[in-house]
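1. Pasting a predicted model and its sequence here:
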Amino acid sequence: MKKKDLTLRSDHSWESQEGYKIFVADRGAVRFDFPKDWIVKFKEKSVSFHDLEPTDDTGALEMSFNRLPPNDWSTFPLKKTLQQILDDDNRQITAKGKVTSANRDGMRLVWGDIQYIDATEKRPATSRILVGIGGNVQVLFTFDYWTEGEAQMREVWEAMLRSLRLGLFIPDPTRGHIVNPNLN
């Protein structure tokens, strides 16, 4: 992914939760809030958000997405896909949470978490994973953090989840106005 900073117009309509910034990928294909003081790292096929510089970070949220061809994705087995991801995890898992589903704003989302012992640090960690489809966009989030920071990291996850939008088209990102959602 490539980063491009834009200067917002004075009449922009972007709003985020206090203490957060807005991340927008590909003119609205993916949009969500993340903590304003977190560090953003762009990778070839994903972007990650860290509370501190990696390797000193205590939490890392990573997002990747794919544009899907126009189709009826309402029957795509998201829950089965997530369950396969969780089942294929080869870390030293100590607990698995339940899988949660939500249908909201033209999106279908499923997420779940595992707790494990980090192989390097030998301490408890949590990994939360979300798979979603909306407006011909498929998204994958992974959120890894030390389990002792659960309360703070849960707030970050919930803010991302509340603000998440998929498959929108924003013709002028400096203004933020959404035109004809789900054109993607």
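-> Okay, I see it.
2. Surely residue 43 is in contact with residue 1?
-> Yes: with contact defined as Cβ atoms under 8 Å, residue 43 counts as touching residue 1 (6.8 Å). Where C-beta positions appear, they are placed from N, C-alpha and C, glycine not excepted.
3. The two: which is more packed in?
-> When neighbours are counted by other Cβ atoms under 10 Å, residue 43 and residue 1 differ, and residue 1 comes out ahead with 14 against 10.
4. Helices of the protein, start to end?
-> Secondary structure of the chain (DSSP state H): helices located at 78-87, 150-163.
5. Which elements pack onto the first one?
-> Spelled out, it's helix 78-87. strand 107-117, strand 124-134 (3 or more Cβ pairs under 8 Å, 6 or more residues apart in numbering; DSSP states H and E).
6. What residue, apart from its backbone neighbours, is nearest the residue nearest to the spatial centre of the chain spatially?
-> Among the residues of the chain, the one closest to the centroid is residue 141, at 4.1 Å (Cα atoms, centre = their mean). Spatial nearest neighbour of residue 141, excluding adjacent residues (Cβ to Cβ, 6 or more residues apart in numbering): residue 130 at 4.2 Å.
7. so what's the one you found bridging to?
-> residue 111, residue 141 (DSSP bridges).
8. TSV for the helices of the chain, including mean pLDDT and distance to residue 99?
-> Formatted as TSV, these follow (pLDDT from 0 to 100; distance: least, Cβ to Cβ, whole Å):
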stretch	mean pLDDT	distance to residue 99
helix 78-87	93	6
helix 150-163	96	14
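9. Can I get the ones you listed in CSV including distance to residue 23 and mean neighbour count?
-> Shown next, in CSV, are the helices of the chain (distance: least, Cβ to Cβ, whole Å; neighbours: other Cβ atoms under 10 Å):
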stretch, distance to residue 23, mean neighbour count
helix 78-87, 22, 15
helix 150-163, 9, 16
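10. Compare the ones you listed and give me the one nearest residue 119.
-> For the helices of the chain, the distance to residue 119 is smallest for helix 78-87, at 17.8 Å, taking Cβ to Cβ.
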